[in-house]
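Novice: show me how the following folds:
(chains A and B)
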Amino acid sequence: MSEALMSDDHPRAGAAAPRRANRARRFLRNPQAVISALVLVLIGGAVLLAPLLSTGDPDAAELSKAFAAAEPGHPLGFDSAGRDVWSRLLHGGRNTLGGALIALAVALSIGVPGGLVAGYYGKWFDALANWVGNFVMALPAMVVLLASRAILGPTMWVLMVVLGVLVAPSFFRLVRGIVANVRGELYVDAARVSGLRDRRIIARHVLVVVRAPIIIQTALVAGIAISLQAGLEFLGIGSGDLPTWGAMLNEAFQNVQRSPMFMAWPGLALGITSAALVLLASALRDVLEDGDAKPPKLRAARRARVVTPATPDDDRPRASLLSVRDLAVSYGAGASAVDVVHGVDLDVAEGEVVGLVGQSGSGKSQTAFSVLGILPEGGRVSRGSILLAGTEVVGLSEKGYRALRGDVVAYVPQEPMTNLDPAFTIGSQLVEPMRLRLRLSRKAAAERALELLRQVEIVDPRRVFHAYPHQISGGMAQRVLIAGAMSCDPRLLIADEPTTALDVTVQAEVLELLRRLQAERGLGVLLVTHNLGVVADLCDRVAVMNAGRIVETGSTEQVLAHPGHPYTRTLIDAVLDDAPARPAWVAPRTDDGTEVPA
Amino acid sequence: MSRFAARRLAAGIFLLFVVSFVSFVLLSIPTLDVARQLLGQSASQEAVDAKNAELGLDQPVLARYARWLGDALTGDLGTSWFTSEDVLTAIGHRLPVTLSLMLGVTLVTALLALLLGVWAGVRRGAVDRLVQVLGVVGYALPGFLVTLVIVLVFAVQLRWFPAIGYIPLTTSVPGWLSTVTLPILSLSVAAVAGVSQQVRGSVIDVLRQDYVRTLRARGLPPRRVLFRHVLRNASAPALTVLGMQFVGLLGGAVLVEQIFGLPGIGSMTVTYTTRGDTPIIMGLVMTTVVCVVVINLVVDLLVGWLNPKARAA
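Specialist: Numbering: from 1, shown residues only, chains lettered A, B, ... in the order given. All right, here's what the predicted structure looks like:
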């Protein structure tokens, strides 16, 4: 979790310097970022140079020229009071953007230090500041601004300070969240242990991490500040006579029946500025937050899915329950496609337990998912054939597949806790598939679910039936998942590292349970695992997988005792080196007399 | 569940007290000489002092707050300084207008955002990009600018709806509809933009969850997995965002009511704050905060109902 957070969400602190140049290049290569930044620079420049770019005084009114059309020196014509629209637009921008800048500065200077301190030191300040932040966020900004105006009088600049306070929590929350996360990281602990002072740690490790999110948030909050500022002015409760875009819109709106065009100029200025800010923010997110990993092209992958299975031309007999031939799995499509499984052959006969062994990343889970037809998005079977109880499932429709899931093939996942829907009770999750697949009544399904819970040796089935997933332990959850897999009487069970996430004592119990159910029901089992002890304990045959290929298959005894492939030997040596192998297979299975150390 | 609700309710009431105290103290800073405004510039100092005594302004702030609070707890929010209207009655007349607006916006937003968000999250591809662009645009444009454009197009140019005015629901249902359609549309743009992005994000998140894969492996039809399991898990965060949007909508209502000439509490806020009518302002602030507290409570309860784990928190 923390590892994922570091690499995905926040740029790593140590690599900051060489990345800066890289980021500048990425920024320049992102058209959305460049264009929106350019628009903002243009608007900002025009507004700053207002006295140079416009001839007239924005407040000079010539009543005779009211609603007059454009003339030289006055490119946008005159408003209802005969004032130069172009000049008012530029000077109005000064006030509008200036007001928003004040609000932004106030928000940054309260929110960022507050968030740093609250996130880094925590304790009472964190609790208090967090409460205040939530409090301020619960107040509608517009209503508070109006009430403040009643207290502070109609000065726009003061109201902008209030607005800054009102939007400060958005910075505070952002910074606090990130800093609290970073604080728990090992490199910050290491810095503290090595005697760095807090101030240096914050400057060196913490600020680097919050910098990018703050820049992005600044663009977003600027948009909000501009829109609220213009809204206040539009209501005519800012500083009355000052030209601003909001006030211009208000005036134009009063005369909308006579000449709606006058709303266009301030409206466009406001709309373009806000849109450019939000677009810049979203582009910056891509640029600053390592967003260059493009999502897989799902549509292309879907289109590229194979429809016809390739029939392999060898005459090896195929097992009746599960027979995989020349299976290849790839992710992505076209030139960027990556193969993760290259031509796997695998057989499971009725009642047979086959272990699929390999290190993580060897493609064993991908093989299992292919058999079930539940590859993650972007993945697909790109070649080969899978016979499931005599039915070819490569290229099978979702509907055809559904007829096999549950009562022909069932699945026991690795992580028990994440594989139960947290929003439903255990009971309803067990009952639902049985009612659909076996067409049982609600009552019959509930009875069967209780019976299944009893069979997987859950002591108090009734309590577990009514419990939610977060109320039971991991070992209990794995038993529930096994009960779920058994619920429609499958012939083949695919168990993907069924004990890896469990405590050692619970592991043994769950393995025992699987062994018992397999024997009682004559199940065929494909057991995906990296644990050779589990293989030795349960499996009749074993297939060793490495880098997407099966490197060795054979009876468990033969493969473990006389590994033919160097990779298998490495795996076995690894078990002997550190982790204690399960004692069950030590003495009885060595037939050459040499004692295999536990 | 009931303990969870009671805790949230207590937090809301505490918030109300804090807001009332802070607002009252701030509003008592005498920047506008109310008595003189009421009596006119020519009034004698004695008359001004007498008026101040009548309004209770000669007493210390804490004593005044204590009296206000005592009255408020018995359901009396005082009378307006300027119009001598009873505050509660004045707000009571105008609140239904704003609430009917909010209800309409909430319904439209919930429906449209769910539709767009699920569609984008499930289909991905071009549909997804379109919904995302709409979301950015809807979020980026200032709300009142969107409102002005809507008025220009639908009321001034096309003349489909009146640009201004309000017909109460009790007078005529079609009339009411014709006067609230454009305001509701205006307020919904930003809300739909924000909530649909959240729905899209959580649908994509939930679709990647292990339990969705496991449910599919049990033989459940994808449609059932989507509508029963994915939607339920995705709607809790979406509801939270909808609740947060509501706070912004109360602010947006101020502008929208002003533009469409609707007699709700939003336009009332504009009118009375410019005069410094403390009893009315206090009443309006309290009303707004009560709305926020109630909405947050409803959202918390719904989230708790959708997500059993949140109940324990």
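
Novice: may I see the buried residues of stretch A:109-121?
Specialist: Buried residues in stretch A:109-121, counting neighbours by 16 or more other Cβ atoms under 10 Å in any protein chain shown, are found at A:I110, A:G111, A:V112, A:G114, A:G115, A:L116, A:V117, A:A118, A:G119, A:Y120. (Glycine included, C-beta is placed from N, CA and C.)

Novice: and that stretch, how far from the chain's centre?
Specialist: 26 Å (Cα atoms, centre = their mean, to the nearest Å).

Novice: residues contacting it, please?
Specialist: Contact partners of stretch A:109-121, identified using Cβ atoms under 8 Å, 6 or more residues apart in numbering or on different chains, comprise A:125-126, A:129-130, A:164-165, A:168-180, A:182-183, A:198, A:202, A:206-207, A:210, A:214.

Novice: keep only those of those that are in strands.
Specialist: Of the contacts of stretch A:109-121, none are assigned to strands by DSSP state E.

Novice: which of those residues are buried? Put it as a ChimeraX command.
Specialist: To isolate the buried members of the contacts of stretch A:109-121 in ChimeraX, using 16+ other Cβ under 10 Å:
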select /A:126,129,130,164,165,168,169,170,171,172,173,174,175,176,178,179,182,183,202,206,207,210,214
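
Novice: so which residue is smack in the middle of chain B?
Specialist: Computing the C-alpha centroid of chain B and ranking residues by Cα atoms, centre = their mean puts B:L250 first, at 3.1 Å.

Novice: phi, psi for the spatially closest residue to that residue that is not a sequence neighbour please.
Specialist: Nearest residue to B:L250, sequence neighbours excluded (Cβ to Cβ, 6 or more residues apart in numbering or on different chains): A:P140, at 4.1 Å. The phi/psi pair for A:P140 (degrees, to the nearest 10) reads phi -70, psi 120.

Novice: how much space between A:P140 and B:I295?
Specialist: Using Cβ to Cβ, to the nearest Å, A:P140 is found at 11 Å from B:I295.

Novice: A:N22 and chain B, how far apart?
Specialist: 26 Å (Cβ to the nearest Cβ, to the nearest Å).

Novice: burial count for that residue?
Specialist: For A:N22, the neighbour count with other Cβ atoms under 10 Å in any protein chain shown is 13.

Novice: same check on B:L158?
Specialist: B:L158, neighbours per other Cβ under 10 Å, totals 9.

Novice: before we move on, back to that, make CSV out of the buried residues of stretch A:109-121 and add distance to A:Q429.
Specialist: CSV is the format used below for those (distance: Cβ to Cβ, whole Å):
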residue, distance to A:Q429
A:I110, 47
A:G111, 43
A:V112, 45
A:G114, 44
A:G115, 40
A:L116, 44
A:V117, 45
A:A118, 40
A:G119, 38
A:Y120, 42
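
Novice: that older thread, hang on, the residue nearest to B:L250 packs against B:Q245?
Specialist: No: between A:P140 and B:Q245 there is no contact under Cβ atoms under 8 Å: 11.2 Å.

Novice: what's the closest non-adjacent residue to A:V480?
Specialist: A:I426 (5.5 Å).

Novice: between A:P140 and B:Q245, which contacts overlap?
Specialist: Counting by Cβ under 8 Å, 6+ apart, nothing touches both A:P140 and B:Q245.

Novice: show me what the lengthiest helix in chain B is packed against.
Specialist: If you go by DSSP state H, chain B has its longest helix at helix B:87-123. Packing partners of helix B:87-123 (3 or more Cβ pairs under 8 Å, 6 or more residues apart in numbering or on different chains; DSSP states H and E): helix B:125-140, helix B:173-207, helix B:231-260, helix B:265-273, helix B:278-306.

Novice: list the buried residues in that helix.
Specialist: B:87-88, B:90-91, B:94-95, B:97-98, B:100-102, B:104-106, B:108-110, B:112-114, B:116-122.

Novice: what separation do you get for A:V193 and A:Y121?
Specialist: 18 Å.

Novice: same question, A:S397
Specialist: With Cβ to Cβ as the criterion, A:S397 and A:Y121 are 58 Å apart.

Novice: the spatially most distant residue from the centre of chain A in helix, strand or coil?
Specialist: Note on chain A: the largest C-alpha distance from the chain mean falls to A:S64, namely 62.0 Å (Cα atoms, centre = their mean). Following DSSP: H, G, I helix; E, B strand; the rest coil, the label given to A:S64 is helix.

Novice: please look at A:H466 and A:G427 and confirm they touch.
Specialist: Yes: at 6.0 Å, A:H466 counts as touching A:G427 under the criterion of Cβ under 8 Å.

Novice: what about the two, which has more around it?
Specialist: Set A:H466 next to A:G427 and count neighbours by other Cβ under 10 Å: A:G427 wins out with 20 against 12.

Novice: and that one, what does it touch?
Specialist: Taking Cβ under 8 Å, 6+ apart, one finds A:A446, A:A449, A:F465, A:H466 in contact with A:G427.

Novice: go again with 6 Å.
Specialist: Listed by Cβ atoms under 6 Å, 6 or more residues apart in numbering or on different chains, the contact set of A:G427 reads A:A449, A:F465.

Novice: now stretch B:258-273, how far from the centre of its chain.
Specialist: 14 Å.

Novice: how far does that stretch stretch from one end to the other?
Specialist: This stretch, stretch B:258-273, spans 14 Å end to end (Cα to Cα, to the nearest Å).

Novice: check whether it contacts chain A.
Specialist: Yes: judged by Cβ under 6 Å from any Cβ of the partner chain, stretch B:258-273 comes into contact with chain A at B:T269, B:V270, B:T273.

Novice: who wins for most neighbours among those?
Specialist: B:T269 (32 neighbours).

Novice: let me know whether that one touches B:G283 as I believe.
Specialist: No: contact criterion Cβ atoms under 6 Å: B:T269 and B:G283 do not qualify, at 10.3 Å.

Novice: residues from chain B in reach of chain A?
Specialist: Counting by Cβ under 6 Å from any Cβ, chain B sits next to chain A at B:26-27, B:29, B:31, B:124-125, B:136, B:140-142, B:144-145, B:152, B:210-211, B:213-214, B:216-220, B:229, B:232-233, B:247, B:250-251, B:254-255, B:269-270, B:273, B:276, B:281, B:288, B:292, B:307-309.

Novice: distance check, the residue of the stretch 251-400 of chain A found nearest chain B against A:L163.
Specialist: Nearest residue of the stretch 251-400 of chain A to chain B: A:V278, at 3.7 Å (Cβ to the nearest Cβ). According to Cβ to Cβ, A:V278 and A:L163 sit 18 Å apart.

Novice: settle it for me: which of these two has more neighbours?
Specialist: For the pair A:V278 and A:L163, the greater number of neighbours falls to A:L163 (28 against 21), based on other Cβ under 10 Å.

Novice: where does the nearest residue to the more buried one once chain neighbours are set aside fall, helix, sheet strand or coil?
Specialist: Once flanking residues are discounted, A:L163 sits nearest to A:A103: 4.2 Å by Cβ to Cβ, 6+ apart. Assigned with three-state DSSP, A:A103 falls in the helix class.

Novice: now the angle from the longest helix of chain B to helix B:265-273?
Specialist: On the basis of axes from the mean of the first three to the mean of the last three Cα atoms, to 10 degrees, helix B:87-123 is oriented at 130 degrees to helix B:265-273.

Novice: how far away from the center of its chain is helix B:87-123?
Specialist: 9 Å.

Novice: got the angle between it and helix B:125-140?
Specialist: 160 degrees.

Novice: state the mean pLDDT of helix B:87-123.
Specialist: For helix B:87-123, mean pLDDT is 91.

Novice: which SS class is A:V528?
Specialist: Quick answer, by three-state DSSP: A:V528 is strand.

Novice: below-threshold pLDDT in the stretch 1-150 of chain B: ranges please.
Specialist: Scanning the stretch 1-150 of chain B for pLDDT under 70 picks out B:1, B:30-33.

Novice: would you point out which residue of the stretch 301-450 of chain A is nearest chain B?
Specialist: Counting by Cβ to the nearest Cβ, the stretch 301-450 of chain A gets nearest chain B through A:G406, at 3.4 Å.
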